[in-house]
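Peer 1: only geometry, no sequence info:
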């Protein structure tokens, strides 16, 4: 199973920006959809963004649309999440995830990283 390692989290003021990166270990036998999810304290994990195997399709949670951008680099085997206009309600642990499908719905991810903390101060 491919291992996923997130990086790039930190503490930023409201309105600031962060770029998260997810590195997949090993060379996958085939590229599949990748996603970002987050879990705030006391809340369930929620979908943030997903990108298809080739990067031709992306979609986002309404709460981050227009502020977050997901991208992938097959050569580097990474998936990034660029976040701008951060709000205190974006504070959460952010998880990278991999699906077994080339195009995946948010409930079709079964391989998870350990997460990286993002804290947005007001």
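Peer 2: That came through, no problem. For clarity, every value in this text was computed on a predicted model and none was experimentally measured.
Peer 1: going forward, measure contacts and count neighbours with C-alpha atoms only.
Peer 2: Noted.
Peer 1: show me the contacts for the residue positioned nearest the centre of the chain.
Peer 2: Nearest to the mean C-alpha position of the chain, by CA atoms, centre = their mean, lies residue 36 at 2.4 Å. Residues near residue 36 by CA atoms under 8 Å, 6 or more residues apart in numbering: 47, 48, 49, 50, 81, 94, 95, 96, 97.
Peer 1: quick one: which of those residues sit in strands?
Peer 2: Taking DSSP state E as the definition of strands, the contacts of residue 36 contribute 47, 48, 49, 50, 81, 94, 95, 96, 97.
Peer 1: can you give me the strands for this protein?
Peer 2: 4-7, 10-13, 18-24, 34-39, 46-51, 58-60, 68-73, 78-83, 92-99, 109-112, 116-121.
Peer 1: helices and strands around the fifth one, which ones?
Peer 2: Which is strand 46-51. strand 34-39, strand 58-60, strand 68-73 (3 or more CA pairs under 8 Å, 6 or more residues apart in numbering; DSSP states H and E).
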